[in-house]
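A.B. asks: I would like to see how this sequence folds:
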Amino acid sequence: MRSDKLTTTPSPQPQTRNELQTWVRDRLALPSEHESALIAAIDAVFTRHERLWQESKQEAIQALSAGFADKMARVQTELSAKDATVSSISRYFEALVADLTDKSHRDPKTKLMNFGRFTEQLESFLALEQRGRWCAVGLVDITGFKWYNDALGHAVGDRIIARVAALLREQVRTDDLLAQERLGPRSKDLHARFGGDEFCFLIPDLAECHQAHAVGERFREAVERYDWTIEDHRLAVQPVRVDVGVVCLWLGSVSDRRFIARRLAADLIQRADKLMYEAKSERANHIYLLRAKLEDGAVVDYRDSDPQPVEDNEA
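C.D. replies: Below you'll find the predicted structure:
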């Protein structure tokens, strides 16, 4: 989304134990057992901190009452050490929360965005994007991947998947957002692992529909040109190829999309999936592209006889 149209106000950081617990529940969307474990660990840190603080105060009072200056010096040293320990634990849990959040959004094998996170971002884009341009949703499938797994073994299959993911990242445009980076305020291309040997991508801002085909073709050619014998010498017999299906949607007015974004996202992914399998049936490394538009809340094919769409700059 363009930063000149929408700004995001950062959420205030939690200041109390209750606020932190609420933040974990509202923001992380962890499985219940992970959420309970994390909240219990946070409670343990707070409780330990409070107990250590009370013990330190009591020791300081006793030292003052006794009038022993050396005791005060030792208490001060111990207090500093305890504070340092609590601070270290706090930093550890901050890093743990950040790591859990990141892992919940990523496919562990390829480090690409997982399909659930991709779908969330696609729905958000369709509900909020205000520019009347084309966008494209595509699915990519490794041709005949089962053969690689069966004939060469799952280790080779895993290397193929990881390399295809890397090639997908390498072929993005200058301003694209890669799946392993943090999401920024601007709408950029998103790439994710759909599952198994399939990947999906979003190209959110295209002046012309044919540009989506060019992006898909660039990626397909990168896979075809890659020297697959680097991964395994046996791949010289059957180098890796991919099939690509792309649905190019005329965005039109945001008011037509805002309340149907979830259904629209699912429909675009389903159509791209169907196109990908049509490309696969041709056995010719094709990229199948379909132009579409919204009509009465439904996605319909964009016919050649339809008038050229006009950009709608609705705010």
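A.B. asks: tell me the SS of Leu30?
C.D. replies: coil (DSSP: H, G, I helix; E, B strand; the rest coil).
A.B. asks: my guess is it contacts Leu38, does it?
C.D. replies: Yes - using C-beta atoms under 8 Å, Leu30 is in contact with Leu38, at 6.8 Å. Quick note: C-beta positions are derived from backbone N, CA and C, even for glycine.
A.B. asks: and Ile142, backbone torsions?
C.D. replies: phi -80, psi 120 (degrees, to the nearest 10).
A.B. asks: In the stretch 151-300 of the chain, mark out all the strands, start to finish.
C.D. replies: Ranges of strands within the stretch 151-300 of the chain are 190-195, 198-206, 242-250, 287-295, 298-301, based on DSSP state E, counting those that start in this stretch.
A.B. asks: quick one: which of the ones you listed has the weakest pLDDT on average?
C.D. replies: Ranked by mean pLDDT, those end with strand 190-195 at the bottom, a mean of 55.
A.B. asks: so which of the strands of the stretch 151-300 of the chain is the most packed in?
C.D. replies: Counting by mean count of other C-beta atoms under 10 Å, strand 242-250 has the highest mean neighbour count of the strands of the stretch 151-300 of the chain, with a mean of 26.
A.B. asks: list the helices and strands that strand packs on?
C.D. replies: Strand 242-250 is packed against strand 134-142, helix 210-225, helix 261-282, strand 287-295, with contacts defined by 3 or more C-beta pairs under 8 Å, 6 or more residues apart in numbering; DSSP states H and E.
A.B. asks: And the residue nearest the centre of the chain, how close does it get to Arg169?
C.D. replies: Among the residues of the chain, the one closest to the centroid is Met113, at 3.4 Å (C-alpha atoms, centre = their mean). Separation of Met113 from Arg169 (C-beta to C-beta, to the nearest Å) stands at 11 Å.
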